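J.: Build the 3D model from these lines:
(chains A and B)
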Protein chains: 2
Amino acid sequence: MGLKPRYEAYIACLNSRDLDGLDEFVSDTVIHNGSRIGISGYRDMLAGNYRDIPDLRFVIDLLLSDANTVASRLRFDCHPKAGFLGLRIDGRSVLFHENVFYRFEKGRIQEVWSVIDRGEIERQL
Amino acid sequence: MGLKPRYEAYIACLNSRDLDGLDEFVSDTVIHNGSRIGISGYRDMLAGNYRDIPDLRFVIDLLLSDANTVASRLRFDCHPKAGFLGLRIDGRSVLFHENVFYRFEKGRIQEVWSVIDRGEIERQL
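T.: Numbers count the residues shown, from 1 in each chain, chains lettered A, B, ... in the order given. So this is what the prediction gives:
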């Protein structure tokens, strides 16, 4: 099985907010933007996102993969309830994107290189 | 020929600062982050980057492609001479990345979705 269906299952896991099910997709020693946060740090990051953005939903706009790597452009159309990325949103509607690469090892995400388009949000405020 | 060598030739064109040669790689009607800036706007953007960052050099860290799309993580290790992305750099050394997707049409870039990691620069200042 290629990485695309695997990645889509990971995104479905995020959208169902199944933090317990995350082990199936994320390595215990995962590295996020250069920090070895591990699966517990990864869960904490997501729990924080769910808390800050009650209607958070991950939508895949673009998806490429090779044997070990996935590149994805994600779209978020949501209402962060207070602050997000240091910006004051206060429940307003924002649309923004994340361009992100993942390296998989044995079917699980071992490293993530993520960039969120913060400027796109600033222009909407 | 796949899109990877084509994209690498485009990056070589950028690094040789051959703005005249850009027609070979970029469509007349190119769209950049939702704005139809066209090739002249694309040239202006690059000329501005070369001016703001005298030692600008594009290095490909990650590269994926399919029939029509390229995903690239670019690395920049450089010295912006004054301001960049609204940040005051004043010649300091900064290392930052851009995660970017391109849709090609007939061998040329028709649409770009680019996100530069501005936060990464802020943390170095």
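
J.: what about the strands in chain A?
T.: Here chain A has its strands, by DSSP state E, at A:26-32, A:59-65, A:69-78, A:83-84, A:87-88, A:94-105, A:108-116.

J.: want to throw the ones you listed into CSV with distance to chain B?
T.: Placement of C-beta: from N, CA and C, glycine included. Formatted as CSV, the strands of chain A follow (distance: least, C-beta to the nearest C-beta, whole Å):
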stretch, distance to chain B
strand A:26-32, 13
strand A:59-65, 4
strand A:69-78, 3
strand A:83-84, 13
strand A:87-88, 12
strand A:94-105, 4
strand A:108-116, 4
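
J.: Can you redo those strands as JSON lines, where the extra columns are distance to B:Gly107?
T.: Compiled in JSON lines, those are given as follows (distance: least, C-beta to C-beta, whole Å):
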{"stretch": "strand A:26-32", "distance to B:Gly107": "36"}
{"stretch": "strand A:59-65", "distance to B:Gly107": "18"}
{"stretch": "strand A:69-78", "distance to B:Gly107": "20"}
{"stretch": "strand A:83-84", "distance to B:Gly107": "39"}
{"stretch": "strand A:87-88", "distance to B:Gly107": "39"}
{"stretch": "strand A:94-105", "distance to B:Gly107": "23"}
{"stretch": "strand A:108-116", "distance to B:Gly107": "27"}
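
J.: Between those strands, which one is closest to B:Gly34.
T.: strand A:94-105 (10.2 Å; C-beta to C-beta).

J.: What pairs with that closest one, parallel or antiparallel?
T.: strand A:69-78 (antiparallel), strand A:108-116 (antiparallel) (DSSP bridges).

J.: okay but A:Lys81 is in contact with A:Gly91, surely?
T.: Yes. In this structure A:Lys81 lies within contact range of A:Gly91 using C-beta atoms under 8 Å: 5.5 Å.

J.: Mind checking which of these two has more residues around it?
T.: Taking neighbours as other C-beta atoms under 10 Å in any protein chain shown, A:Lys81 and A:Gly91 compare with A:Lys81 leading, 15 against 10.

J.: Quick check: which ranges of chain A have low pLDDT?
T.: A:1 (pLDDT under 70).

J.: for it, longest helix please?
T.: Scanning chain A for the helix with the most residues, using DSSP state H, yields helix A:38-52.

J.: got a list of contacts for that one?
T.: For helix A:38-52, the surrounding residues in contact (C-beta atoms under 8 Å, 6 or more residues apart in numbering or on different chains) are A:14, A:17, A:19, A:22-23, A:26-30, A:32, A:35, A:37, A:56, A:80-84.

J.: what do you get for stretch A:106-118?
T.: Contacts of stretch A:106-118 (C-beta under 8 Å, 6+ apart): A:6, A:10, A:24-27, A:29-33, A:85, A:87, A:96-104, B:61-62, B:73, B:97-99, B:115-119.
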